[in-house]
Every structure is written in structure tokens, then in C-alpha cells.
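# pasting the structure only:
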């Protein structure tokens, strides 16, 4: 079985693990053809093996490489007859730390993957999206794009920027029939927070939960992505934490800032090792 004429399709960056893998599983289970893209070829193969036979394609992609974007999108379009119902512009990294302690290379890489790579993806996929009825570009923003996070300032800045892309493109692309949406997850239980945190015998997840911060199962992301693509809201806060943060940032920012300051010392370096907040 391969792509069928008229079948809906989704192209997912960061498809080798985490949120990308879970969204791939959810959409494939609903009959969509899934294009999986990542630099992790082993992870891509593992994700593809979880999907129904013939329901996916895999593509090696470094999102910072515009040439690779062009060739990979051409490959995908050749398989789908020039169609792409959804671009899940999801790939990103979340390492960081205090800005004065980050190297130039770390800052540049964060921006190159989390922002420039995202922009490159939308540009590369624009023609396929424009030529597909009722299409959508779905961005992975973050709860860190709602209110800035201490010791993750560069990461937060990139996610605020992605939030801005979603808002701008929802207006800009409307005349082409393309919707623009963003997911804004809080902490999600992926392998990025499963390791032991610095200076502790607890995992990142355990440290977060012991500090009263919710870590949601990764299974939450599939339905949220589906609803975002098919709904009318530009931004979808994912899980209770993100929804509370969105409310507090809008209505009680002073209290939110005090709570954030109080938690910095107790969390230590665990935030700097996470790719979801």
C-alpha cells in the first residue's frame, strides 16, 4: 500500500521521536499518509515501523540546511502528487542555560534550528500547502512562548518568535486557503526529561513533579494536534500547566513572575535539559 490519490497527508519534522513520533502515530491511525523527517535515521525507521505498512515515507533532513529542505519536499511531493495537507513544523532543541554561560555556538545552533529552520520549512513547503485544499501549517511553539523561562531565555525567545509566525501566517496565508496554528505544550514525558538531572539521583521528570510541576504523558499530543489542525484557534495550550500559564500571563502577570522567581532555585538545572515547556 502506498499513497492513495486524494488521501490526506502530513509532513512531520522531528519525526524520529517525542512529539513528532506521537503525532505521526495518531494521524496514521486515522488514515493519513505521513512523511517523517529528521536527522536521526535510526529513530525515523523506528517510528515508521510503528505505522501501518505503506502509510509513511522517511526523509533525512537537517532543518538548518535549505538545500536539504528543497530536495526532501520535492521527494515528498512526488509521492503525494504535489499534495501536503499539513506541515507539522515541529523539529527543535531545548538545551540551554543562563545566557551568560552559553557559548556562541550553542546560541547560534538554537536559533538556527528553532527559528531559522522553522522559517525555512514553511517557505520550502509553501507551494505544496497552497496547492492542497484546506491545508495547514502547524508549529510547535511552547509554554515558554507564553511567558519567558529563567535559564532558557534563548529557547523562550525562539518560541515567542514561532508564536509570532503562527499568528502572522494565519492572516497572511488566508488568501491561499492555508491555516496556521501552533501547539504550546508544557512539560511532556519524552526521553529528553527521563535522564538523571545534574546534581541529583532523580530523573528530570521526578524533579519536576516533586516541585509541583505537571509532566503530561506524550499521548496527550496526538489529539491536541488533531484538534488544532481542525479547529479555529490559532494557539492551543497543551495540558493544564500551559493553560494556567496562558491565563496567568494575560490576567495576573505580576503574580506569575513572583511564582517563577520562587521556583528557580528549587528546579536548579533541570529546565535547561528539557525541550518542552
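On my side now, so go ahead. Since the model is a prediction, treat every value here as computed from it, not as a measurement.
# would you mark the buried spots in the helix of greatest length in the chain?
In the chain, taking DSSP state H as the definition, the longest helix is helix 153-172. Of all the residues in helix 153-172, those buried under the rule 16 or more other C-beta atoms under 10 Å are 153-163, 165-166, 169-170. For the C-beta atoms, the positions are set from N, CA and C on the backbone; glycine is no exception.
# do the same with stretch 27-45
So for stretch 27-45, counting by 16+ other C-beta under 10 Å, buried means 27, 28, 32, 33, 34, 35, 36, 37, 38, 39, 43, 44.
# would you check how far apart residue 165 and residue 181 are?
The gap separating residue 165 from residue 181 is 11 Å, by C-beta to C-beta, to the nearest Å.
# same question, residue 130
Residue 130 sits 17 Å away from residue 181, going by C-beta to C-beta.
# comparing those two, which residue is more hemmed in?
residue 181 (25 against 14; other C-beta atoms under 10 Å).
# doesn't the more buried one belong to a strand?
Yes. Assessed by DSSP: H, G, I helix; E, B strand; the rest coil, residue 181 belongs to a strand.
# what number of residues lie near residue 176?
Counted by other C-beta under 10 Å, the residues lying close to residue 176 total 12.
# quick check, it in contact with residue 131.
No. With contact defined as C-beta atoms under 8 Å, residue 176 does not count as touching residue 131 (9.3 Å).
# what about the helices in this structure?
Using DSSP H, helices in the chain cover 18-28, 41-49, 66-80, 104-111, 117-130, 153-172, 204-210, 221-230, 240-251, 253-267.
# TSV for those, including distance to residue 59 and mean pLDDT?
Formatted as TSV, these follow (distance: least, C-beta to C-beta, whole Å; pLDDT from 0 to 100):
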stretch	distance to residue 59	mean pLDDT
helix 18-28	12	97
helix 41-49	8	98
helix 66-80	4	98
helix 104-111	21	96
helix 117-130	12	98
helix 153-172	22	96
helix 204-210	30	47
helix 221-230	19	96
helix 240-251	30	60
helix 253-267	36	49
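# so which of those helices is nearest residue 11?
helix 66-80 (5.7 Å; C-beta to C-beta).
# residue 75 is in contact with residue 60, isn't it?
No. Assessed by C-beta under 8 Å, residue 75 is found out of contact with residue 60, at 10.1 Å.
# between the two, who's got more neighbours?
The neighbour count for residue 75 versus residue 60, taken as other C-beta under 10 Å, is higher for residue 75 (16 against 13).
# so who does the more buried one touch?
When contacts are counted by C-beta atoms under 8 Å, 6 or more residues apart in numbering, residue 75 is found next to 57, 59.
# what of the one 5 residues further on?
Listed by C-beta under 8 Å, 6+ apart, the contact set of residue 80 reads 3, 7, 9, 33, 35, 128.
# what's the answer for residue 5, then?
Counting by C-beta under 8 Å, 6+ apart, the residues that residue 5 touches are residue 81.
# how far away is it from residue 221?
29 Å.
# same deal with residue 145?
On the measure of C-beta to C-beta, residue 145 and residue 221 end up 16 Å apart.
# how far away is residue 41 from residue 68?
From residue 41 to residue 68 the distance is 13 Å (C-beta to C-beta).
# and the closest residue to residue 179 other than its chain neighbours, what are its bridge partners?
Counting by C-beta to C-beta, 6 or more residues apart in numbering, residue 179 lies nearest to residue 136, which is 4.2 Å off, once chain neighbours are set aside. Beta-bridge partners for residue 136, by DSSP bridges, are residue 86, residue 179.
# thank you kindly, that will do.
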